[in-house]
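> any chance you could fold what I've pasted below:
(one chain, ligands or ions: 2)
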Amino acid sequence: MTGGVFISFEGIDGAGKSTHIAPLAELLRAQGRTVVLTREPGGTPLAEKIRALALNEAMDPLAEALLMFAARRDHLQQVIEPALAAGHVVMSDRFTDATFAYQGGGRGFDLAVLGQLEQLVQALPQGGLRQPDLTLLFELAPEVAAQRLAGVRAPDKFESQPVAFFRKVAAGYDARARQQPARFVRIAADRPRDAVWEDVLAAVRGKGWLQ
Ligand SMILES: Nc1ncnc2c1ncn2[C@@H]1O[C@H](COP(=O)(O)OP(=O)(O)O)[C@@H](O)[C@H]1O
Ligand SMILES: Cc1cn([C@H]2C[C@H](O)[C@@H](COP(=O)(O)OP(=O)(O)O)O2)c(=O)[nH]c1=O
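Numbers count the residues shown, from 1 in each chain. Ligands and ions are numbered 1, 2, ... in the order given. Okay, the predicted model is just below:
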C-alpha cells in the first residue's frame, strides 16, 4: 500500500466525526503511513482566514458557497494534492459534500451552480475531478446531535441553526451518497462510541488501507 489515499469525514454538526478522526490517524501512523490530518473550511493559513469569515459573518448563500470553494481551492493546491502526490494519507474533517449538504440542502442554494464550482475547483490536470477515495458519512438524528452538542462548545453560525436546518443538511448528504455510492460508507452514529469506531475501522479495512 503506497499510493496516496484521501478520506473525508462528513455528517451534521455533533454527529461524532471529530471523535474518530484523530484515533484513526494514529492507527494508520502506527502502521507506517504518513497521515495529513486536516479540515474544511480551513487547512491552510488562507483557508483558515476564510473559515473565520464564513462561520461567523452573515452573508448570502452564493457568497458563502464561493468562500467555501475558495478555501477549498487553496487547501487542494497547498495541502491535499502535494500530500497525495507524495503517497500520504489525507484525512479531512469535511470536504465538498459539506457544501452540497449545508449550502445546497440547508440553505437551499442551487445544486447545479455548486456542481459548476466543484468542476472548476476540483478539476485535475490529467482530467477528471479530485474526490475523496472514501467518505465516511456519520448519520445521526439532528435532535440527538443537538443534545450531544448542548453545553459542549459555543455554537458557530451553523451550529446555532434549528433542527429543521439540520434535517435539510442530512437530506443533502443523503442525496450525495445516493449519487456517488461507490465512495460513501454510511456510519450509524446513534450507537456507543465503540460500536461506531468498529464501523469506521471496518470501512477503512474494507478498502485495504488498514490491517
Ligand atoms: N457515539 C457517541 N455517543 C455519545 N456521545 C458521543 C458519541 N460520539 C461522540 N460523542 C460526543 O458528542 C459530541 C459531538 O461529537 P464530535 O465528534 O465533536 O462531533 P462532530 O465532529 O461530528 O461535530 C462530543 O461531545 C462527543 O464527545
Ligand atoms: C466544509 C464546509 C463546512 N460547512 C460548515 C459545517 C459546520 O457547521 C462548519 C464547520 O465545520 P466543523 O469543522 O465540523 O465545525 P467544528 O470545528 O465546530 O466541529 O462549517 C459548510 O457550511 N460548508 C462547507 O463547505
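> what secondary structure does the closest residue to residue 132 other than its chain neighbours sit in?
Nearest residue to residue 132, sequence neighbours excluded (Cβ to Cβ, 6 or more residues apart in numbering): residue 8, at 4.0 Å. C-beta: built from backbone N, CA, C; applies to glycine. Assigned by DSSP: H, G, I helix; E, B strand; the rest coil, the conformation of residue 8 is strand.
> neighbours of residue 8, how many?
By other Cβ atoms under 10 Å, the residues close to residue 8 number 26.
> thought it was touching residue 101?
No. If you go by Cβ atoms under 8 Å, residue 8 and residue 101 don't touch, sitting 11.9 Å apart.
> state the mean pLDDT of stretch 72-87.
For stretch 72-87, mean pLDDT rounds to 98.
> could you list the alpha-carbon positions for that stretch in PDB?
Listed in PDB are the C-alpha atoms of stretch 72-87, where the atom choice follows Å, rounded to 0.1, in the frame of the first residue of the first chain:
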ATOM      1  CA  ARG A  72     -11.100  24.500  -0.800                       C
ATOM      2  CA  ARG A  73      -9.000  25.600  -3.800                       C
ATOM      3  CA  ASP A  74      -6.200  26.800  -1.600                       C
ATOM      4  CA  HIS A  75      -6.500  23.700   0.500                       C
ATOM      5  CA  LEU A  76      -6.300  21.400  -2.500                       C
ATOM      6  CA  GLN A  77      -3.300  23.200  -4.000                       C
ATOM      7  CA  GLN A  78      -1.300  23.800  -0.900                       C
ATOM      8  CA  VAL A  79      -2.000  20.600   1.100                       C
ATOM      9  CA  ILE A  80      -4.200  17.900  -0.400                       C
ATOM     10  CA  GLU A  81      -2.600  17.500  -3.900                       C
ATOM     11  CA  PRO A  82       1.000  17.600  -2.700                       C
ATOM     12  CA  ALA A  83       0.300  15.100   0.100                       C
ATOM     13  CA  LEU A  84      -1.500  12.700  -2.300                       C
ATOM     14  CA  ALA A  85       1.400  13.000  -4.800                       C
ATOM     15  CA  ALA A  86       3.800  12.100  -2.100                       C
ATOM     16  CA  GLY A  87       1.800   8.900  -1.300                       C
END
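> quick one: contacts of it?
2-6, 34, 36, 38, 40-44, 46-47, 50, 90, 92, 95-96, 99, 121-122, 130 (Cβ atoms under 8 Å, 6 or more residues apart in numbering).
> picking up where we left off before, what sits against the residue nearest to residue 132?
91, 92, 94, 95, 97, 132, 134, 135, 136.
> do residue 44 as well
Per Cβ under 8 Å, 6+ apart, neighbours of residue 44: 71, 74, 75, 78, 79.
> now do residue 35
Residue 35 is in contact with 25, 28, 29, 88, 89, 90, 91, counting by Cβ under 8 Å, 6+ apart.
> same deal with residue 22?
residue 37 are the contacts of residue 22 under Cβ under 8 Å, 6+ apart.
> name the element it belongs to?
helix 17-30 (DSSP states H and E).
> so does stretch 121-130 get close to ligand 2?
No. Judged by Cβ under 6 Å from any ligand atom, stretch 121-130 and ligand 2 are separated, with a smallest distance of 11.1 Å.
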